[in-house]
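[1] Below is the structure, and that's it, no one-letter string:
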């Protein structure tokens, strides 16, 4: 069997830093390849490193594979820590307040984020409202601000004018940074409802006693050996390089393949013990140069870990005059809202935003487990972003075969 030798971009798993960071030891992450930096790719997909690892003769392929090329390839994004823009932070805050009011409402009101309503004095001109609550003919507007400065009387006066101009029945002003005493007095005098978010201290969180226990499964796939099987008519022009190019350009839907492997392992052994998995997949939608892939033979090392997630921040939502532990709505947060659990009384909602999550190379997200302190009514479980999280396969051997 001919072996093509390449080199690897020396990017360690330690660079993939977030709440799902790989905590395995350095020795476990070592590979047999010599390393040399490759040029970085450019484009909308972010900085990309394409790596080839030397096949050392230990690749495990199915018996009887027609000789072809064996190559190991690793394709994953080099993580560049990005911060939310002010617009993104504002939108996130507004959506958070929308979720809170959806949870709080018991009257059947329709809660709408980023609503547009006609201007009563100029109906052809729509006016943007951060959030609206509609109960039959009654309209409540919610305006949100996530500013560094505490909001003062000036914003309250703007809210009073906005309520009058748009003929709303009520208006709520929500500030992430709170309100001045003068602003609270002005709002109380003119019927403007105010809400803010107050962070709990560690002592208050302990006294609150309602922190949710959260864990998540990570399914790891290492040392994969993939053989793409084609009809014998493809022998003259099908090469491993074409498969490699498809990996580089993300044209091979690997996520569903490894979902299948995870399902097989779970059915065979619910304990998800580490094992070597051998399977054959028959994809219906993978083709190269018009030649359909008849099957993919997979051999891969599988192991699963259950990671406990820390929810370090708890904020309480209510009127500004109330103490943190006297409030009726609490939000547990991981890292700027990647994972949020909102609770009010016994009603809960869970939102997971995967758009900025980077998993370890070769890992897929599995089941989430939430342990509440009391019986709850789950109002919502929402997954935002791409549930596959850009699954990147680690050092692997690619082969082609014909039948």
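    Received, thanks. Given the structure is predicted, the values throughout are model-derived calculations rather than measurements. Numbering: from 1, shown residues only.
[2] List the contacts of stretch 257-266.
    Residues from elsewhere that reach stretch 257-266, judged by CB atoms under 8 Å, 6 or more residues apart in numbering: 219, 221, 272, 275, 277, 279, 281, 283, 296, 298, 300, 302, 304, 364, 366, 391, 393. (Each C-beta comes from the backbone N, C-alpha and C, glycine too.)
[3] err, stretch 143-150, not the other one
    Applying CB under 8 Å, 6+ apart, the contact partners of stretch 143-150 are 89-90, 93-94, 97, 129-131, 151, 155, 159, 162, 171-180, 183.
[4] Let's see which of the residues you listed end up in helices.
    Where the contacts of stretch 143-150 overlap with helices, as defined by DSSP state H, the overlap consists of 89, 90, 93, 94, 97, 155, 159, 162, 183.
[5] Quick one: buried ones out of these?
    90, 93, 94, 97, 155, 159, 162, 183 (16 or more other CB atoms under 10 Å).
[6] Distance to residue 240 added to the residues you listed, as a markdown table?
    As requested, these are exported to a markdown table (distance: CB to CB, whole Å):
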| residue | distance to residue 240 |
| --- | --- |
| 90 | 48 |
| 93 | 49 |
| 94 | 49 |
| 97 | 52 |
| 155 | 63 |
| 159 | 64 |
| 162 | 63 |
| 183 | 67 |
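[7] Nearest to residue 202 among those residues?
    Within these, proximity to residue 202 (CB to CB) peaks at residue 93, which comes in at 23.6 Å.
[8] I'd like the mean pLDDT over stretch 340-357, please.
    On average, the pLDDT along stretch 340-357 is 85.
[9] Look at the nearest residue to residue 191 once chain neighbours are set aside and report its pLDDT.
    Distances taken as CB to CB, 6 or more residues apart in numbering place residue 170 nearest to residue 191, at 7.6 Å, with adjacent residues excluded. In this prediction, residue 170 carries a pLDDT score of 96.
[10] Next one: residue 170 from residue 159, what distance?
    Per CB to CB, to the nearest Å, residue 170 is found 11 Å from residue 159.
[11] Can you name the next helix or strand after the host helix or strand of residue 126?
    Taking DSSP states H and E as the criterion, residue 126 maps to strand 122-135. Sequence order places strand 138-145 as the next helix or strand after strand 122-135, per DSSP H and E.
[12] Residue 110 contacts residue 131, correct?
    No: counting by CB atoms under 8 Å, residue 110 does not reach residue 131; the two are 10.8 Å apart.
[13] Compare the two (neighbour count), which wins?
    A count of neighbours by other CB atoms under 10 Å puts residue 131 above the other of residue 110 and residue 131, at 23 against 11.
[14] so is the residue lying closest to residue 120 once chain neighbours are set aside in a helix, a strand, or just coil?
    In space, and not counting its chain neighbours, residue 120 is closest to residue 167: 5.0 Å by CB to CB, 6+ apart. The three-state label for residue 167, taken from DSSP: H, G, I helix; E, B strand; the rest coil, comes out as coil.
[15] what's the spacing between residue 167 and residue 192?
    As for residue 167, its distance to residue 192 is 15 Å (criterion: CB to CB).
[16] just for this structure, where's the confidence low?
    1-84, 86, 250-253, 335-337, 356-357, 385-390 (pLDDT under 70).
[17] any idea which strand is longest in it?
    strand 213-230 (DSSP state E).
[18] and that one, which strands flank it?
    Sheet partners assigned to strand 213-230 using DSSP bridges are listed as strand 295-309 (antiparallel), strand 363-371 (antiparallel), strand 396-402 (parallel).
[19] Can you lay out those as a markdown table showing mean neighbour count and distance to residue 140?
    What follows is the strands paired with strand 213-230, written out as a markdown table (neighbours: other CB atoms under 10 Å; distance: least, CB to CB, whole Å):
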| stretch | mean neighbour count | distance to residue 140 |
| --- | --- | --- |
| strand 295-309 | 17 | 35 |
| strand 363-371 | 16 | 31 |
| strand 396-402 | 23 | 55 |
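[20] Any chance of these in JSON lines with distance to residue 262 as columns?
    Supplementary listing: the strands paired with strand 213-230 in JSON lines, determined by distance: least, CB to CB, whole Å:
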{"stretch": "strand 295-309", "distance to residue 262": "8"}
{"stretch": "strand 363-371", "distance to residue 262": "7"}
{"stretch": "strand 396-402", "distance to residue 262": "17"}
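[21] Of all those, which one is nearest residue 319?
    With CB to CB as the yardstick, what comes closest out of those is strand 363-371 (28.7 Å).
[22] Point me to the helix or strand that includes residue 198.
    Counting by DSSP H and E, the element that carries residue 198 is strand 193-199.
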